[in-house]
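**Q** Sequence and predicted structure are below.
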Amino acid sequence: MADSPSGARYAEPGWFTRNVFNRLIALMTNAGVSVGGSRTLWVRGRVSGEWRSTPVNLLTFGSNHYLVAPRGETQWVRNLRVAGTGELRLGRSKEEFNAVEVNDAEKTEVLRAYLKRWKMEVGIFFDGVSATSSDEEFARVAPNHPVFRITT
């Protein structure tokens, strides 16, 4: 994991994730098959204004929906912070949304639920923290994982 120029953490995907895994998930999601809650996130680029897309895991926790960035300050995170809105797509279904970033103090239970659901896929990015870790351990890693509450 590396720090970005802004000092925020970002874990760049490897070749397999970029060229095989993400493309396969995107292909299935675009065909209307959700893989464990997958959606395709569409958000306007913060500089270009052009639509950008990436596969994401949509977490339903309580009565809310969340997008969690296990890799940290990704391009989609930076774009969503600026745009504040986007689209989640599954096949031909398109849902417009507004996003509000969750502050670090409120992330613990959301991150815990995210890890409970997708630890096999993303656990490596959480520095040894698991769904059963203490609140203190979550407080340590929370700043490295942006979380957005999604409202439609």
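**A** In hand now; what should we look at? These numbers come from a predicted model, not from an experiment. Numbering: from 1, shown residues only.

**Q** Burial check on Thr132, number of neighbours?
**A** 9 (other C-beta atoms under 10 Å). (Each C-beta comes from the backbone N, C-alpha and C, glycine too.)

**Q** mind checking how far it is from Leu59?
**A** 18 Å (C-beta to C-beta, to the nearest Å).

**Q** swap in Ser93?
**A** Ser93 is 18 Å from Leu59, by C-beta to C-beta.

**Q** who has more neighbours, these two?
**A** Leu59 (20 against 10).

**Q** Kindly give the local confidence score, pLDDT, for Pro5.
**A** Predicted confidence (pLDDT) for Pro5: 44.

**Q** typed the wrong thing, it's Ser93
**A** pLDDT, Ser93: 94.

**Q** List the contacts of it.
**A** Ser93 sits next to Gly32 when contact means C-beta atoms under 8 Å, 6 or more residues apart in numbering.

**Q** neighbouring contacts of the longest strand anywhere in the chain?
**A** Ranked by residue count, the top strand of the chain under DSSP state E comes out as strand 51-61. Strand 51-61 has contacts (C-beta under 8 Å, 6+ apart) with 22, 25-26, 29, 36-45, 65-68, 74-76, 79, 88-89, 109-110, 113-114, 117-118, 121-122, 150.

**Q** Neighbouring strands - and their directions - for that strand?
**A** strand 38-44 (antiparallel), strand 64-68 (antiparallel) (DSSP bridges).

**Q** Mean pLDDT for those strands - can I get that in CSV?
**A** Rendered in CSV, the data for those read as follows (pLDDT from 0 to 100):
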stretch, mean pLDDT
strand 38-44, 95
strand 64-68, 98
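
**Q** Put together JSON lines for those strands, with distance to Phe97 and mean neighbour count on each row.
**A** JSON lines is the format used below for the strands paired with strand 51-61 (distance: least, C-beta to C-beta, whole Å; neighbours: other C-beta atoms under 10 Å):
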{"stretch": "strand 38-44", "distance to Phe97": "9", "mean neighbour count": "21"}
{"stretch": "strand 64-68", "distance to Phe97": "8", "mean neighbour count": "21"}
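
**Q** Adding distance to Glu12, write these out as CSV.
**A** Formatted as CSV, the strands paired with strand 51-61 follow (distance: least, C-beta to C-beta, whole Å):
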stretch, distance to Glu12
strand 38-44, 18
strand 64-68, 17
